[in-house]
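**Q** Dropping a prediction and its sequence here:
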Amino acid sequence: MNGRIIVLLSFTGIFTLPTIVNAQATAPEVAQTVVTVTDRAMPLSETAASVTILDQEFIRSTHADTAADLLRAAPFVDIAQNGASGGLTTLSIRGGKPNFTLVMIDGVPVNDITNLLGGAFDFSSLPVDNIERVEIVRGPLSSVYGSDAIAGVINFISRKGSKFSVLDISGEIGSFFRRQAQLDAAGTWKALQWSTGGTFLDVGQQVLNDAYSVGSLDFNGSVSLGPNRILEFGARWLDDHDEGFPAGSGGAEYAIVRTPMHDDARELILGTSLKGQLRPWWIYSVDLDRFSRIEDNVTPAVLNAIPPSLTQSLPASTSDTDFARLRFGATSHFILPRHLSLDLGAGLRRESGTANGFLAGVIPQAFNLVRTSLLANTLLQYSTERLTASAGFSFDKISGYGEVTSPRLGITWLTSEGGPRLKSSWGEGFELPSFYALANPSIGNASLQPERVNSFDAGLEQRLGTPRILASLTYFRNSYRDLINFDSATFRLENTSQAVIQGGELGADYPIRSTIRFGLDFTYQVWSQSGSTQPLRDIPHGLGGIHLDWKISNRLHARADTQWMGRRYDFQIPVPEDMAVGGYSNTELSGSYDLSRKFTMYLRADNLFDSKYQEYIGFPNPGTGVRFGIRYHALAK
């Protein structure tokens, strides 16, 4: 019965590795910074957290249309897709459940806690037009962001503007009647630097009953308000429609009911931030943002047999959900004597969610919940040329749950010039129960407590040989408690189990020559749990990739990526005896050629070799897909 909650909550290539920068693999000549770890920009070499940065060059070279396409090339993350492009695509970090990863766009959290995913983000629904940078942090950051950041954080950062006028128009066609149109523009007008983007992507049937379309519009900018003060703002609108077999149904191969699920969602993201410097030693930021999402879902019954068993099948359902999150906060960064700095922050978060619908056409599924959180955090940091040590702490006061504290410690030490850099961090995090888990009339439980984690990692990075290979090795251990599972005895969700997930991450970057770089990443993890007789689902023991980037000439750039995924436990209601899936590889090849200064032609091919693999039992990959596109640089000289 534990599998039911999974349903309910749930050849070496050419690769652009130079633009993937790991916290364990950072070229010292590049002054990389990260904003996600402390909610302010800080040198990547000073953070003890495990961080991967995907920069603009990498994003463009992948020719990815959505975040799902893009993150398949990112190291040390497990991304899984229900069948074809547009199917539910979730991501796990170090074995954590998908809803344990906080996803942000320009620092605004976009996890929806009202639907049956329990707060997990669907990466197929996010186009990457006008995205300039992606920061991936592995490890809990509840000490900065509160709930939802229990396994890690992914922050998609938009371009804020450009000193030069930019206007790019592109069109794309591909397999499965794939069509895409995109526009990106940026420039400067007086004190305003601005950027805007829009995209529309439509994909026809790929396997069976799995059409998909998504559109987005966004605008971002920054205005100088005088010396030492700037106002940043942004807005993004998304409209997503997809259909396909629901999770847990057995997919196109095994689903007994052949009617597809239909899902329509609209999102609006608004954010603004005033940043300034009052004194040479005092930098401040005042932030206000709002995320809202409306989703309409029609899901057919998921049956285990004909005739179905009432205890092993799921009835049809309809639901209309409306979720909004409003946040207001202020932070101050103080530069103190003796290599010390102090960050202080406070904020307010208000979440509201409503749902209306029916189970089996007759049983109402309705709730209306509001949750308010007060957050205060602090971070003390000591930093020298070779050593950085930090201690952080947050205090959350949450309606219905009282006070929750989340500490975090970190250290990074360059042992000697040219020697290894050692890093280690420890932290605790928490995940509040989703509105769906609390209030669903069928399985919800208003007494659920937060899920918690105690996390530790330690690693080193070292440059070797000439040319210098940058190698990194990290050990991690996450101890989860009060995990929420479906209890067959009470027929509702309960805090029933604990789990320990630990493993290692290995990465390497080898610049073969100035135009060619080779790299690899590999993660191995093991787990154990108590309080449940069911295995942890959707957690592979091993995953990794091999990579190579080749700038063939000033005009021609080629890349490919091969990812490998080990077997993992899965559960599909019609075939409960089939419990494992995976053991597949996926190779993507892309390339671009500048026909002139104004025109660029590009090509991407997905899943070149293993065309019939499945990421979930019964949900086959549609096979090799090819896309061809042309980009017009309208303002290029």
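**A** Sure thing, it's come through.
**Q** pLDDT wise, what is the residue nearest to Arg133 when sequence neighbours are not counted at?
**A** Take Arg133 and drop its neighbours on the chain: the residue closest to it by C-beta to C-beta, 6 or more residues apart in numbering is Ile157, 4.3 Å away. Where C-beta positions appear, they are placed from N, C-alpha and C, glycine not excepted. Note on Ile157: pLDDT of 94.
**Q** Repeat that for Gly418.
**A** For Gly418, the model assigns a pLDDT of 83.
**Q** how near is it to Ser195?
**A** Taking C-beta to C-beta, to the nearest Å as the measure, Gly418 falls 40 Å from Ser195.
**Q** now swap in Leu448 and tell me
**A** 42 Å.
**Q** Looking at the two, which one has more neighbours?
**A** Between Leu448 and Ser195, counted using other C-beta atoms under 10 Å, the more crowded position is Ser195 (22 against 18).
**Q** mind checking which helix or strand that one is in?
**A** If you go by DSSP states H and E, Ser195 is part of strand 192-203.
**Q** So which elements touch that strand?
**A** For strand 192-203, the packing partners by 3 or more C-beta pairs under 8 Å, 6 or more residues apart in numbering; DSSP states H and E come out as strand 178-189, strand 212-224.
**Q** packing partners for the last one?
**A** Helices and strands touching strand 212-224, as assessed by 3+ C-beta pairs under 8 Å, 6+ apart, comprise strand 192-203, strand 229-244.
**Q** picking up where we left off before, what comes up buried for the strand holding Ser195?
**A** Across strand 192-203, burial judged by 16 or more other C-beta atoms under 10 Å covers Gln193, Trp194, Ser195, Thr196, Gly197, Gly198, Thr199, Phe200, Leu201, Asp202, Val203.
**Q** quick revisit: need the winner for burial among the helices and strands packed on strand 192-203.
**A** Stretch with highest mean neighbour count among the helices and strands packed on strand 192-203: strand 212-224 (a mean of 20; mean count of other C-beta atoms under 10 Å).
**Q** by how many degrees do that one and strand 178-189 diverge?
**A** With axes from the mean of the first three to the mean of the last three C-alpha atoms, to 10 degrees defining the directions, strand 212-224 sits at 10 degrees from strand 178-189.
**Q** Output strand 212-224 as PDB, restricted to C-alpha atoms.
**A** Output of strand 212-224 as PDB, limited to C-alpha atoms (Å, rounded to 0.1, in the frame of the first residue of the first chain):
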ATOM      1  CA  TYR A 212       1.700  18.900 -24.800                       C
ATOM      2  CA  SER A 213       2.000  22.600 -25.100                       C
ATOM      3  CA  VAL A 214       3.400  25.400 -23.000                       C
ATOM      4  CA  GLY A 215       3.700  29.200 -23.400                       C
ATOM      5  CA  SER A 216       5.400  31.900 -21.400                       C
ATOM      6  CA  LEU A 217       6.000  35.600 -21.300                       C
ATOM      7  CA  ASP A 218       8.400  37.400 -19.000                       C
ATOM      8  CA  PHE A 219       9.900  40.900 -18.400                       C
ATOM      9  CA  ASN A 220      12.800  41.700 -16.100                       C
ATOM     10  CA  GLY A 221      14.700  44.900 -15.400                       C
ATOM     11  CA  SER A 222      16.700  47.000 -13.000                       C
ATOM     12  CA  VAL A 223      16.700  50.800 -12.400                       C
ATOM     13  CA  SER A 224      19.500  52.800 -10.800                       C
END
